[in-house]
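*Asks:* Take this sequence and fold it.
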Amino acid sequence: MVCGNGAGELAPIYVTYKSLNVYPEWVEGGPAHARYSRSKSGWFDTHTFEDWFEFTMLPILRRQAGTKVLIGDNLSSHISVRVLNLCAQHNVRFIALPPNSTHILQPLDVGFFGPLKKVWRKVLNDWKKSPRGRQFNSLPKSEFPKMLKKLLEEMGPKIEDDLKGGFKGAGIQPLDRQNVLKRLCQNRLDVDVLRNVSQVFIDELQASRSQITEKPQRRRNRKVNVPPGKGITAEDVQPAPNDRTSQNAMPQASTSTATQNDEPEPSTSRKRSRKNPSNQKKKPRHEESEIEDLSESDIPYADDSDISLEAFLREREDSDDENNLDDLETEGVIIDEVRIEENVESNVNVEIEQPTTSDGNFVVAKYCGKLYPGRRLSDPDEIGEVPVSAMVKKDSCWTWPSPPDILWYRQDKIIKTINPPKQIGQNLFKVEFNF
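*Replies:* Predicted coordinates for the structure are as follows:
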């Protein structure tokens, strides 16, 4: 807080830190008679204003005879009942300036703060270049009192001249309202000037403005699927001519071409449908949580010489097959209100029927101990694996995900053939199977 009078006298500085506490090094080495306080926001509130008036200003005003005038803005924290009572007791008139008028009516804004900021910028730059200043990215609070003292010393006799100039420019001392009025804009736009502006010119301005402010259409970017450990170049993401599938797939070491028919075709060379063009076996969406349970060191990067992620999961699954089968034997499994009755006796073996499936059959496949209905897409390949498009659970029903979740299963993981799902809603199906 800075305060001065028309005689060119500057009151002691009042500093408010943004902090919950004030420490000794924050108040050492500052200007004479300076007072320090703190607030949560760093701004003056009612308590700090009352403290400033009672302990900084009131002792100065008591020593002056006659009526005193204290000019301030209309900040809410400056309107205090305690301050107004103290003003009335000591013959002080408190005047609040109108809103948005301090640039022409506040003497410190008119003639004092401008020169003060120029000197402060010089003092701060000199400190930054000093050995002490090079150690900090910003000005510490412990350095601020010393910097404030140096600021007032640099201004020296200019303080008195700047204060008197500010009161004169605001028309307060000497009292002269013309100093304020002549700074107001006296020019008025003639109505005839507006009438002479062509409507064509106005339309052109509006059209130009609408073109500038028109929102650009945002194009949806295409996702690039990059296998872990692989690098790509700009040529890799450019679609090849007459290749309709290259826009949705990254180039691999060996790729297969999708046919014009959207239906998956049976093959023994691991060809895939257009919806699953990658040679790598795709992980079902409903089993993404299985990968999250693995540590990073357990998941191999995609490489021609390495085992695929699905093969790794299958090996992990085989190690738990006995436990999973025991769970199925000893516990009931509810799937769409169909229950696999639990076997009370642990020595009773569950005979799992080996289905005689063919292309297009609906089957139940086991993955990591869980059962999923789906549709078999083709005959087994050369290593005895069958592609199955699996369904996913949605509430108490099943649904076909988009894009399809296709995974290759060994034939011993195809538990049973089932009847086709019964559609009960939009992409909602009822699947019934029991053992």
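*Asks:* Can you tell me, leaving aside adjacent residues, what's nearest to Ile71?
*Replies:* Ile95 (5.1 Å; Cβ to Cβ, 6 or more residues apart in numbering). C-betas here are computed from N, CA, C, even on glycine.
*Asks:* and the one you found, which of the three is it?
*Replies:* Classification of Ile95 using DSSP: H, G, I helix; E, B strand; the rest coil returns strand.
*Asks:* Let me know the pLDDT of it.
*Replies:* Ile95 carries a pLDDT value of 91.
*Asks:* what's the answer for Glu263, then?
*Replies:* Reported pLDDT for Glu263: 43.
*Asks:* if we can go back for a sec, now do the contacts for the residue nearest to Ile71.
*Replies:* Contact partners of Ile95, counting by Cβ atoms under 8 Å, 6 or more residues apart in numbering, are 69-72.
*Asks:* if we go to 10 Å?
*Replies:* 69-72, 74, 105 (Cβ atoms under 10 Å, 6 or more residues apart in numbering).
*Asks:* between those, which is nearest His33?
*Replies:* Leu70 (18.7 Å; Cβ to Cβ).
*Asks:* Doesn't that closest one belong to a strand?
*Replies:* Yes. Leu70: assigned to a strand according to three-state DSSP.
*Asks:* check contacts around it.
*Replies:* Leu70 touches 3, 5, 53, 57, 61, 78, 83, 87, 92-96, counting by Cβ under 10 Å, 6+ apart.
*Asks:* what's the closest of the residues you listed to Glu154?
*Replies:* Using Cβ to Cβ, the contacts of Leu70 come closest to Glu154 at Cys3, 19.8 Å.
*Asks:* so where do the helices sit in the protein?
*Replies:* Counting by DSSP state H, the chain has helices at residues 46-52, 58-62, 81-89, 102-105, 107-111, 113-129, 144-155, 158-169, 178-181, 191-196, 199-213, 288-292, 309-319, 321-330.
*Asks:* Okay, domains of the chain per the record?
*Replies:* Domain ranges of the chain: 14-181, 234-255+264-430, per automatic domain parsing.
*Asks:* Low-confidence regions, this structure specifically.
*Replies:* 185-197, 211-360, 434-435 (pLDDT under 70).
*Asks:* how much space between Val388 and Leu377?
*Replies:* Distance, Val388 to Leu377, using Cβ to Cβ, to the nearest Å: 7 Å.
*Asks:* where does Gln106 fall, phi/psi-wise?
*Replies:* phi -90, psi 110 (degrees, to the nearest 10).
*Asks:* For it, which non-adjacent residue is spatially closest?
*Replies:* The nearest residue in space to Gln106 (Cβ to Cβ, 6+ apart) is Leu97, at 6.2 Å.
*Asks:* for Phe113, same thing?
*Replies:* Val2 (7.9 Å).
*Asks:* Could you check how far the one you found is from Ala11?
*Replies:* For Val2 relative to Ala11 (Cβ to Cβ), the value is 8 Å.
*Asks:* What residues are bridge-paired with the residue nearest to Tyr372 when sequence neighbours are not counted?
*Replies:* Spatial nearest neighbour of Tyr372, chain neighbours left out: Ala390 (4.6 Å); criterion: Cβ to Cβ, 6+ apart. Beta-bridge pairing for Ala390 (DSSP bridges): Gly374, Asp405.
*Asks:* what's the burial count for His103?
*Replies:* 10 (other Cβ atoms under 10 Å).
*Asks:* show me what contacts it?
*Replies:* 109-110, 170, 183.
*Asks:* thought Pro31 was touching Ile159?
*Replies:* No. Judged on Cβ atoms under 10 Å, Pro31 makes no contact with Ile159 at a distance of 11.5 Å.
*Asks:* shared neighbours, these two?
*Replies:* In contact with both Pro31 and Ile159: 10, 152, using Cβ under 10 Å, 6+ apart.
*Asks:* circling back to that earlier point, can you list the helices of the chain in CSV and add distance to Phe362?
*Replies:* Below are these laid out as CSV (distance: least, Cβ to Cβ, whole Å):
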stretch, distance to Phe362
helix 46-52, 77
helix 58-62, 92
helix 81-89, 83
helix 102-105, 81
helix 107-111, 83
helix 113-129, 76
helix 144-155, 78
helix 158-169, 90
helix 178-181, 90
helix 191-196, 78
helix 199-213, 56
helix 288-292, 24
helix 309-319, 22
helix 321-330, 20
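*Asks:* just the ones you listed: most buried one?
*Replies:* Neighbour counts (mean count of other Cβ atoms under 10 Å) averaged over each of these peak at helix 107-111, with a mean of 21.
*Asks:* elements contacting that helix?
*Replies:* helix 102-105, helix 113-129, helix 158-169 (3 or more Cβ pairs under 10 Å, 6 or more residues apart in numbering; DSSP states H and E).
*Asks:* try it again with 8 Å
*Replies:* helix 102-105, helix 158-169 (3 or more Cβ pairs under 8 Å, 6 or more residues apart in numbering; DSSP states H and E).
*Asks:* quick one: contacts of the last one?
*Replies:* Going back to what we said before, that points to helix 158-169. Residues contacting helix 158-169 (Cβ under 8 Å, 6+ apart): 4-10, 107-112, 115-116, 152, 155, 173-174, 176, 179.
*Asks:* ditto for stretch 171-189
*Replies:* By Cβ under 8 Å, 6+ apart, stretch 171-189 touches 6, 71, 104-105, 107, 164, 167-170.
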